[in-house]
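this one's structure only:
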DNA sequence: GCCGGCGGTAAGTCATAGCTTACGGTTAGC
DNA sequence: GCTAACCGTAAGCTATGACTTACCGCCGGC
């Protein structure tokens, strides 16, 4: 359906979470990202490819460097997906709480 | 900082995503969950343990069954975390767009 | 033109995580 | 008390994916 699931899967790796976190503060080249991480530069490159394939980051050429940054559009999709989870879960939670009490009236919401 | 990172890691697995998706519609016992999934019941049990450890689901005893459901409080933490990503990324994105149009200074490091 | 920094890709290794079957514990019903 | 259903845990296997080193292409400076 959506690619939000793939985004979640991509963000499942702690290293990618760290990369995404750093990119949230602004565009950065691969080398700089790798300096602040406990993995090699090629590893960062591979992670960036995964994040780019699912639409969470975008890249642009800047001289001899390649700047990566978070794609707000992609992040919006993930946020919307999480919001739907929230709405459904909240409704189910309230309904379950009522049933647990024994079919009383709505205690308040 | 928070355990939101662990939640993201937990939701990184597609099977757990499917479980969490089903639980969003209401409480369900382990056996019923396993019926609609391509994995065995013990596997579902193990996934539920992971989701419970990070605070995304809660369980309660119901006779001989054990009902699992999404924990709205846990989901709220994850949502808040995503919102922070959103704010930071958006600000950085706009700033980067301006810099790209005007005088190009060193954006990295 | 040559050289140096930057970064993506290939190939290979290794740990981990997800799955299975088997077993034990707990609860409800007869 | 015995049985059956439901579920968590243990043990073990296997595939996947995260990481490394090595290599190559690209762009800018001198």
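Noted; the coordinates are in hand. All of these numbers come straight from a predicted model, not from anything done at the bench.

which phi and psi does residue A:64 have?
In terms of degrees, to the nearest 10, the main-chain angles of residue A:64 are phi -90, psi 0.

how about it, what does it touch?
Neighbouring residues of residue A:64 by CB atoms under 8 Å, 6 or more residues apart in numbering or on different chains: there are none. C-betas here are computed from N, CA, C, even on glycine.

what do you get if the cut-off is 10 Å, keeping everything else the same?
If you count contacts by CB atoms under 10 Å, 6 or more residues apart in numbering or on different chains, residue A:64 has them with residue A:29.

could you tell me the end-to-end distance of stretch A:22-29?
Stretch A:22-29 has an end-to-end distance of 11 Å (CA to CA, to the nearest Å).

what about it, average pLDDT?
Confidence over stretch A:22-29, taken as the mean pLDDT, stands at 97.

in it, what's buried?
Across stretch A:22-29, burial judged by 16 or more other CB atoms under 10 Å in any protein chain shown covers A:22, A:23, A:24, A:26, A:27, A:28, A:29.

any idea how far the second one is from residue A:7?
Taken as CB to CB, to the nearest Å, the spacing of residue A:23 relative to residue A:7 amounts to 14 Å.

same check on the last one?
Residue A:29 sits 23 Å away from residue A:7 when distances are taken as CB to CB.

around DNA strand C, which positions in chain A sit nearby?
A:29-32, A:41-42, A:45-46, A:48-49, A:59, A:64-66 (CB under 7 Å from any atom of the strand).

now do the buried residues in stretch A:77-86.
The neighbour-count check on stretch A:77-86 (16+ other CB under 10 Å) flags A:77, A:78, A:79, A:81, A:82, A:85, A:86 as buried.

for chain B, what is the nearest residue in chain A?
residue A:12 (1.6 Å; CB to the nearest CB).

three-state assignment of that residue?
Following DSSP: H, G, I helix; E, B strand; the rest coil, the label given to residue A:12 is coil.

against which helices or strands is the lowest-mean-pLDDT helix or strand in chain A packed?
Lowest by mean pLDDT, DSSP states H and E among the helices and strands of chain A is helix A:72-101, with a mean of 87. Counting contacts by 3 or more CB pairs under 10 Å, 6 or more residues apart in numbering or on different chains; DSSP states H and E, the secondary-structure elements packed against helix A:72-101 are helix A:4-10, strand A:57-62, helix B:14-23, strand B:57-62, strand B:65-70, helix B:72-101.
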